[in-house]
Every structure is written in structure tokens, then in C-alpha cells.
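*Asks:* I need the structure of the sequence given here:
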Amino acid sequence: MNTLLKKGAGYPLAAIAFICVWTVLCWPWLSGAVTIPFDAKAHFQAQIQFLAQALHSGQSPFWTHNVFGGSPQVADPQSLIFSPAIILALLSPSPSFRAVDAYVLAHLLAGGLALMMFFRDRNWHPAGGLMAAIVFAFGASAAWRVQHVGQIASLAFFATAFWLTARMLQRSSAGAGALAGLAAGLMMVEPDQVALLGAYVLIGMVVAHWLVGGWAAFRASLVPGAVAALAGLAVIALPLLWTWLFAEATTRPAVDLVEAGRGSLHPASLLTAFVADLFGAQDPKVEFWGPYSPSWNAKELFLSQNMGQVYFGALPVLLLVVPGLSRGWLWDRGIRSLTILFALMAVFAIGRYTPAFAFFYHHLPGVNAFRRPADATFLIGALGAVLAGYVLHRLFTEASIRLTKRDLFWAGGLFAVLAAAVLVVSVENDRLAAAWRPVAFAGLWFGLGLALLQGLRHMRGGLGPLVAATLVTGVVAADLGVNNGPNESTALAPEIYDVLLPETRNETVQVLKQLTAQPAGSPRRDRVELLGLGFEWPNAGMVHGFDHTLGYNPLRLADFSDAVGTRDSIAGPDQRKFTPLFPSYRCRLANLLGLRYIASPVPIEQVDHALRDGDLRLIARTKQGYVYENPRALPRVQFVGGWAFADFDGMKQSGRWPEVDPQQAVLLEVDPPLAMPEGPSPTRADIRLSRYENTEIEIEVTTATAGFVVLNDIWHPWWRATVDGVETEILKANVLFRAVQVPAGTHKVRFSFNPVEGALAELRERISPTPVEEGDDLLPLPPLREDPLVAESSRLLPSMLSGPSQQVRDSLRLGPAPMTAVSEMVSSAQAH
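*Replies:* Numbering: from 1, shown residues only. Predicted structure coming up:
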């Protein structure tokens, strides 16, 4: 075996063994018997389906109309656009549950193989690399939080970047540096807290290399490090700019310290590193009684029961203690920095329970953008896998591995402390009867591990090392398969998520698709609201193509959320939040949104107590609930002849609308480009919605008078518009929507989503804001009023009535602006 090790021939065999273990442990999902549930379906399955449908229909996936009134997918870190999911989306217009599950689990396979390469580069024993790969893929949060698809991808890319960064430092290789930067960039390109912490681990590795190697190590790593930085920057620069600008405009630009602390891992959850199912998270027959349950202070921490599971195997944990700690092997020069980083991840994970988290929050860039320090459990599992694998390597290569009295003392101390902690926790919660069984099974697994360690000394010659490696692999795989295997948090029946299949026969989906279908050219594109039909429903519109006013996403535009009332999700009807501007389904904003159909599992009056008889019409009764129609819902696109001033922020706070007919006057915060009298203007026009795609919208209008084409889609600064091919300004209209001014005649208005141009323009504006003209900053603000704010012509300032720019006049085909006309407008306003 030693000869095989020196030649590296043991690693192909170890890789084959790992692939076999991965196949066996993942088979319940790969076979389709179960599927990865919760976020993997309700959020990420819908994202991948939207991505696939967009690509196979020739559309861009950079914007979606299907949730929250519209959202910039290109900037959403959970859209999977910049992930390997793009390959899956290209392969099939409708990726199946099995295909998506296999894609997720393949990340764990790739990450495990990357760790094996890390071990191989160091000439460490293949048995250590094999165990590290298994623990990485099926230990701690990699197993228990597999439904968090984005974080699983970040973890896999972390393992790859970890290996390549170590190779770059070990070999001073620019090529390895380029690959390390690429892997780190892919880890960070759709940022989450796992990626952030992974980046800090990589930085810690580099700093540790410099501290240990001194000036020579620093100098040798400069060129490879610079190549890695450039490669990573090339990958992440634009996507991170998009994400940052999007996040700044959402309901969560930052997370305060108190809220972030509520996502901490309770210290008692660390007991699950030793006792796999101590609190009953896996056993459906046992009511979960650990932290985050009602038997504790459930309002203190906001985590689900699976997030507190950190078990990564009895033998790996035992190795960290005996002989890792008992003989000081975890402090070996080659592994010391990883031991420190492992401890820091544990401290970070418990968050608010140590003063260290406040320091991290205030001084480490990026920490204040995330709400769950418990996400560090992903890195605890990964680093713990490497450390345990290293200790096993030492055992296989040591001249003597007999357990000493010191080793036994440490093992006994571990079990004594563990037993005392479990006793205290179970007695305090009156769950001693529920705790004894998982503790007994933990004792069996640890006993088996200790016996295996003792037996390794008898397997030193001939085929003994191969037998020993096989036994270790079998024990660890069996342990993790039993204790971290499929459970109600990670594996449910695929039928539960049938509504997310494009071919579903779900009755409510079929009804809504029939109701929202429109003939070509129709100005209507009615919106629906899925009012708490279940956890899997909010993003169903991304699969089936209808536009939902709400959705499921922690990031959503604050402007829309403040006006309409949104939360992260809408799993139950009790989660519907009304606002001053959207106080009921009978309100002007609902009409402007074109919210025509509401599907509810309960009678609508149980949710909206302001409704009166006849406000909504019950038009269908399905197995899932009731479908109502709002007969006052307006078309998606309108032509409006007049305009009126309005204070949008004041309207969102007060809920009061100016007394104007939205079909006769559009509300604006600024003067229209072409000055025209304020006030309603009844007019008729022929308007067609000739093209409506994700990022391209075309409208044809014929009108006898000048006015505004109003598109009742959410206004966003990255959209651009043209009138007959000439760029024009998109006005923010009616609080949330878009309007373009057009002259009389027949015109084609085109809206295009341009995230590159839009983001760069927004960035320039942030860096160097448009200067305020001299004296403009001295203008008094209008006083706040209790009654609805409607601008009056007598209060308009001359500067507000200045004519449009020549560029705008050209876009409207108005020719040069004569000074006399502008002077006449100003004189007229002053005369009034």
C-alpha cells in the first residue's frame, strides 16, 4: 500500500470508491423515489424552469414579469443564471425533478473529488482523502440543507477553489492561480453567506502561507496571486455590480445586527455533532424539541430544525479528538491554519452567543448583508472533513498507532462532557425519555469507531492497509447514510410539488391559464394573485407563464413591496399584508396592476375584511380553493391623454390618490418631456400590445392627440424605451409604472431591458451625481397636506415649465424648440 501511495496509484481507486459511495447514498433521489423538497422546489426548480423556457424560446432570462410585478433576474443571486444550471437549462426546455436533483447532488460529488485532489497534491494517504470526500458530501449542512441549492453550489466551488488555491501556493503556479481565481469567482458570482465565508477561508489560507513561509513565500505567490485575482475579478465584476445595485433597491439592502443574530446556531445544537438525531429532527415519530422549537424560545432564533444539524460522523469527530487533540496532530504545521479557521467558523456559527460576532459584523465586509451566521455550518463540515482526513492519513502512515492512556483519557473525557451536556439539556426541557435512544445509538457508533481505531494497528502489512481503508470507508458511509440520510427535511414525495411541473393537470393552474390567455395584440395581460395556496405555489407563475403579484424571494424591489405589500413568500392566506396604498383587493392600485384573478384556499372575505358584496366575483371553485375576478382590472397597456402631478412617496404613506381618472390622466412626479397642460384629457386611441417578452415589449398606438403610452409594469432604471426607433425617456407613472410621451399619429413604442447600460449609468450617477443647478437647492419644498396631493397650475414654478431638451424633441419629431414658445409658456404660468 505504501508503494501504491508513493506512485499515486491509490487515488484512482479511492476516487472510484467515492463515486460508488456517492451513487449509493444519493440513489433515493437519483431514482426519482423522492425529491429534494422545500426551497429546492418552491424557489430553485421554478428558477431553472424559467431559465430553460427563456433559452428554448429564444428569449433573454434577464428579467421576469412572473413575480412581484417584475424583477431583474440578471441581478438576483438566486436566479442561477451564472451557475452550471445554465447547462441543464440548455439541455432541456423542461428539466425534471430528477434532473435538477442530480444536478444539485453532482456539486457534492465534484466538491468531494476536489478535496481528494487536495490530499493527493500533498502526498497524503488516499484513505484520508476518501474519508474527507465522503464527510464533505454527506456531513453537516451538505446533507441537511441540500435544499439550499445556491449554497450547495457555493460549497462545491469553495472545495474546488480551496484545492486550487493550495496548489497555487504550493507550486507557485500562475496556471493554478488562474484556475483558482476562476473557481473562486464562480463561488462568488451568485453571492451568499457560504461564498462569503469561503472567500475568507481562502484569504486565511494565503495569509497563513505568508506567515509560515516568510518573505520568500510572499514573493513567490505574488504573480500567481495576481493572476488569481484578475481571473476572479473578470468573472464577478459585472454580476456583483448588478447584485449590489439590485440589493440596494430591495427590502433588504442590509441586515441589522439584531436580525442577523436571530439566525445564530444555538450552542446546544453543537451537541448534534456527537449525537446525530438528539432533538428528533430526523425521526417523524418524535416531535422536534431542540432549539428553534416551541419548547424553547422560538421567537429568539429564526432557524428551521434542519439548520441546527451539524453531524458529520462519529469516526471523523472521534479522530479530531483522538488522536487529533490528544496527540496535537491538529496543530501540525501543514494543517494548523485550517484548525484555526475551523474554530473560527464554529465561533461565527453561534453568532450572538459570543461577542465575536459583533466584531465580525462591524469589521468584516459583507457580513452585514446576510441574516444567518448559522450558514457557517457548511464550512464547519468542509473543514472538519479535511481535518479528520488528515488525522486518518497520519494514522495510516505512523510507525505505531497503538492507543495510549492519554488517548483513552481524552476519549473518556469527551464522552463524560457529552453525557453531562445532553443530560442537562434534556432534563431542562423534560425530554430525557426522548434523548436516551439517540444517545444510545451515538454510543454504538462511537464505540465502533474506537474499536476500528484500535484494530488499525493490526492491519499494517500486506493487504492490511487496503482492508483498513475499506472498513473505514464502509463505517463512515454507513454512519452518514443512516444518520444523515433521506428525511422529511431533505426528501419528500415528488407528487407534493406537482404544481411546479409544466405539464401539471392541477385544476387551479389550468383555470388560471385559460382565464389569462389573450388573443394576439390584446392590450390586456391580466395578473393573478396566488393567495397562500401552499409553500410550493408562490413562484408557480415562473413555470406556467402567468404574472403573479407576489412570489417567493427574500430579495424584491422595495418600491413595489412598500406599495403592494409583499413578504418573502405567501404560503398561507394569513401572510397577506395590505398597505395604505393597497388596503383591499378593491383599490385603485389593484386595478392599475391589472390584478384580475385571485386564487384563495379560503373565502376571500376571510382575508380581506374591507370587501363588500359584489366587489369581487366568484368565477370558479377548484380542489385548491376559490378563484375570484376583479372586474375593474385595467389592461397592461393604455393610452392616456392627460397628466397630473403627484407625490408618490406621500401617496404610499397616506394611501390617498388624487381625484383623477387613471384612464384620463397619468400621475407623474416630474414634468413630461414635452410641456403640455396639466389635467385630465379624455381621448380615444387604438393601442395594441404587439410583442411581450421577458426583456422586449412592443406597443403600437394610433392616436389623434398627443398623450402617454402607459405600461403597467414596474418602473426600473435599467429599462430603455424608443418611439419609432428614437430613444426617449421612461417616466415613472402612477407610483410604480412606466409611461412614454408620444405625439399624435401612429407610432411604435419599444421597451428593452438593458442591464449593462442601465447599471453603468446608475453607477456613474452614484459616483458622480448630476449637479444641482445654482439656486435649485434653495427652492422650498411644498408643505405636507392631509388631503390628496394634486399639483395646481398656479403653484408651478417657471423652471418646472421649461421646454423639453432637443434630444427629447427629436425623439418625438417636434423639430427645434423656438425660444418664443418657451417664453410664452413661462409668461402664461406667471400670469395665472
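*Asks:* Which strands and helices lie in contact with the longest helix seen in the chain?
*Replies:* Counting by DSSP state H, the longest helix found in the chain is helix 193-248. Counting contacts by 3 or more C-beta pairs under 8 Å, 6 or more residues apart in numbering; DSSP states H and E, helix 193-248 is packed against helix 149-171, helix 174-188, helix 336-349, helix 377-397, helix 755-767. All C-beta atoms are positioned from the backbone trio N, CA, C, and that covers glycine.
*Asks:* could you pull out the strands for the stretch 551-700 of the chain?
*Replies:* 595-600, 617-622, 625-629, 637-640, 642-645, 665-668, 685-692, 696-703 (DSSP state E, counting those that start in this stretch).
*Asks:* mind putting these in CSV, distance to W215 and mean pLDDT included?
*Replies:* Formatted as CSV, the strands of the stretch 551-700 of the chain follow (distance: least, C-beta to C-beta, whole Å; pLDDT from 0 to 100):
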stretch, distance to W215, mean pLDDT
strand 595-600, 66, 98
strand 617-622, 73, 97
strand 625-629, 70, 98
strand 637-640, 67, 98
strand 642-645, 67, 97
strand 665-668, 64, 98
strand 685-692, 62, 97
strand 696-703, 57, 98
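*Asks:* Mind putting the ones you listed into JSON lines with mean neighbour count?
*Replies:* As requested, the strands of the stretch 551-700 of the chain are exported to JSON lines (neighbours: other C-beta atoms under 10 Å):
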{"stretch": "strand 595-600", "mean neighbour count": "24"}
{"stretch": "strand 617-622", "mean neighbour count": "13"}
{"stretch": "strand 625-629", "mean neighbour count": "20"}
{"stretch": "strand 637-640", "mean neighbour count": "25"}
{"stretch": "strand 642-645", "mean neighbour count": "22"}
{"stretch": "strand 665-668", "mean neighbour count": "25"}
{"stretch": "strand 685-692", "mean neighbour count": "17"}
{"stretch": "strand 696-703", "mean neighbour count": "19"}
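*Asks:* Out of those, which gets nearest to R219?
*Replies:* strand 696-703 (52.7 Å; C-beta to C-beta).
*Asks:* moving C-terminal of the closest one, what's the next helix or strand?
*Replies:* Following strand 696-703 in sequence order, the next helix or strand is strand 707-711 (DSSP states H and E).
*Asks:* looking at this protein, which helix or strand does the model trust least?
*Replies:* helix 819-831 (a mean of 36; mean pLDDT, DSSP states H and E).
*Asks:* The strands of the stretch 551-700 of the chain into TSV, with extra columns for distance to R750?
*Replies:* What follows is the strands of the stretch 551-700 of the chain, written out as TSV (distance: least, C-beta to C-beta, whole Å):
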stretch	distance to R750
strand 595-600	26
strand 617-622	35
strand 625-629	31
strand 637-640	12
strand 642-645	22
strand 665-668	19
strand 685-692	8
strand 696-703	5
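*Asks:* ok, back up a step: need the helices and strands packed on helix 193-248 in TSV with mean pLDDT, mean neighbour count and distance to C587, can you?
*Replies:* Shown next, in TSV, are the helices and strands packed on helix 193-248 (pLDDT from 0 to 100; neighbours: other C-beta atoms under 10 Å; distance: least, C-beta to C-beta, whole Å):
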stretch	mean pLDDT	mean neighbour count	distance to C587
helix 149-171	98	25	36
helix 174-188	98	23	42
helix 336-349	98	20	45
helix 377-397	97	26	44
helix 755-767	96	14	31
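*Asks:* which non-adjacent residue is nearest T695?
*Replies:* Excluding the flanking residues, the one nearest T695 by C-beta to C-beta, 6 or more residues apart in numbering is F753, at 3.8 Å.
*Asks:* Just list the residues touching that neighbour, thanks.
*Replies:* 60, 62-63, 72, 694-696, 716, 718-720 (C-beta atoms under 8 Å, 6 or more residues apart in numbering).
*Asks:* can you rerun that using 6 Å?
*Replies:* 62-63, 695, 719 (C-beta atoms under 6 Å, 6 or more residues apart in numbering).
*Asks:* Would you mind listing the two of these that lie farthest apart?
*Replies:* Taking C-beta to C-beta, no two of the contacts of F753 sit farther apart than F62 and W719, at 11.1 Å.
*Asks:* And for G412, the neighbour number?
*Replies:* Neighbour count of G412, defined by other C-beta atoms under 10 Å: 11.
*Asks:* Any regions of the chain where pLDDT drops low?
*Replies:* Under the criterion pLDDT under 70, the flagged ranges of the chain are 1-8, 298, 460-462, 771-832.
*Asks:* got the end-to-end distance for stretch 116-130?
*Replies:* 6 Å (C-alpha to C-alpha, to the nearest Å).
*Asks:* typo on my end, stretch 701-712
*Replies:* 16 Å.
*Asks:* Equivalent analysis for stretch 40-59, please.
*Replies:* 24 Å.
*Asks:* Which residues does it contact?
*Replies:* Residues contacting stretch 40-59 (C-beta under 6 Å, 6+ apart): 61, 79-80, 85, 89, 93, 95, 100, 147, 149, 497, 500, 535-536, 539, 542-543, 552, 693-694.
*Asks:* Pull out the buried members of the residues you listed.
*Replies:* For these, a burial check counting by 16 or more other C-beta atoms under 10 Å picks out 61, 79-80, 85, 89, 95, 100, 147, 149, 497, 500, 535-536, 539, 542-543, 552, 694.
*Asks:* Give me the subset of those lying in helices.
*Replies:* 85, 89, 100, 149, 542-543.
*Asks:* ok, of those residues, which one's closest to V206?
*Replies:* Nearest member of these to V206, counting by C-beta to C-beta, is V149, at 28.7 Å.
*Asks:* ok, now which ones touch that closest one?
*Replies:* Counted by C-beta under 6 Å, 6+ apart, V149 has contacts 40, 44, 104.
*Asks:* so how far is A180 from it?
*Replies:* 24 Å (C-beta to C-beta, to the nearest Å).
*Asks:* now K732
*Replies:* Distance from K732 to A180, by C-beta to C-beta: 44 Å.
*Asks:* next one: A33
*Replies:* Taking C-beta to C-beta, one finds A33 at 38 Å from A180.
*Asks:* and if you look at A349?
*Replies:* Distance from A349 to A180, by C-beta to C-beta: 26 Å.
*Asks:* same check, this time on E503
*Replies:* E503 is 43 Å from A180, by C-beta to C-beta.
*Asks:* can you list the helices and strands packed on helix 193-248 in JSON lines and add distance to A491?
*Replies:* Converted to JSON lines, those look like this (distance: least, C-beta to C-beta, whole Å):
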{"stretch": "helix 149-171", "distance to A491": "15"}
{"stretch": "helix 174-188", "distance to A491": "26"}
{"stretch": "helix 336-349", "distance to A491": "25"}
{"stretch": "helix 377-397", "distance to A491": "19"}
{"stretch": "helix 755-767", "distance to A491": "37"}
